[in-house]
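Engineer: what's the 3D shape of this:
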Amino acid sequence: MERRLLLLGLLRQHEMYGYQINDLIDAHLGTSINLTKPTAYRLLHQMTADGLISFHEEKVGKRPTRRIYTITQLGEVEFQDLLTESLSVFKPSEQTSTISLAFLDTIPPEEVVPLLEKRLAAVVKLRDARTSDESHLGGIQCIIDHQIRHLNTEIEWLSDVIKQLKEEELNNEDNSKLLLTTKKINQENK
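Structural biologist: Have a look, this model is predicted:
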């Protein structure tokens, strides 16, 4: 539903060719929706067959012919139906990259921390790319702002987890030193 809604909504704003749609999604909406290029083209083909969009072909210079897609009246009705349905429900987003966090305790903190720091750097880079985006009109900016808010929360949370793991690592080192000292004293007392 969300994928069709996105494509219809983009085409509602103005006609676009496939590469343009994919480029916009990759550049600005990548963390909001999982829509690969093959899937986008498949959906465009399916929505054309369903009469939701139409296309005309255009040849520019020596470039291959490209299809310029436009929303139809039937597509406008479908867009409105999908929009009202989507706005009225909440579905938690699936975050597959969080599953590994359930098993943090199976790896020593000194090995986990560098991995999480690498992850944190990737999230910061993504957030910085989103905040440097030019301003967009209406709902697209709303999605980008939503992404930025989630990324900032992820950065804050990951920083807290890393800090906690580093503290545990220090406590474990202190406990190990204490245990060695205790053993040494016990051996001396024998």
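Engineer: which stretches of this protein have low pLDDT?
Structural biologist: The chain contains residues with pLDDT under 70 at 28-32, 92-96, 133, 136-138, 172-190.
Engineer: quick one: the helices in it?
Structural biologist: Using DSSP state H, the helices found in the chain span residues 2-13, 18-24, 37-49, 73-88, 109-131, 138-188.
Engineer: gap between the residue nearest to Arg12 when sequence neighbours are not counted and Met47?
Structural biologist: Distances taken as Cβ to Cβ, 6 or more residues apart in numbering put Ile71 closest to Arg12, at 5.1 Å, once the chain neighbours are dropped. To be clear about C-beta, it is placed using only N, CA and C from the backbone, and glycine gets the same treatment. Applying Cβ to Cβ, to the nearest Å, the value for Ile71 to Met47 is 9 Å.
Engineer: Then Leu158?
Structural biologist: According to Cβ to Cβ, Leu158 and Met47 sit 38 Å apart.
Engineer: Among those two, which residue is more densely surrounded?
Structural biologist: Met47 (22 against 19; other Cβ atoms under 10 Å).
Engineer: Report the distance from stretch 130-148 to the chain centre.
Structural biologist: 13 Å (Cα atoms, centre = their mean, to the nearest Å).
Engineer: residues of that stretch that come out buried?
Structural biologist: Residues of stretch 130-148 classed as buried: Arg130, Ile140, Ile143, Ile144, Gln147, Ile148 (neighbour count, 16 or more other Cβ atoms under 10 Å).
Engineer: Which two of those have the greatest separation?
Structural biologist: Ile140 and Ile148 (12.9 Å; Cβ to Cβ).
Engineer: Lys59: which of the helices of the chain is closest?
Structural biologist: Of these, nearest to Lys59 by Cβ to Cβ is helix 18-24, at 14.4 Å.
Engineer: Packing partners of that closest one?
Structural biologist: Counting contacts by 3 or more Cβ pairs under 8 Å, 6 or more residues apart in numbering; DSSP states H and E, helix 18-24 is packed against helix 2-13, helix 37-49, strand 66-71.
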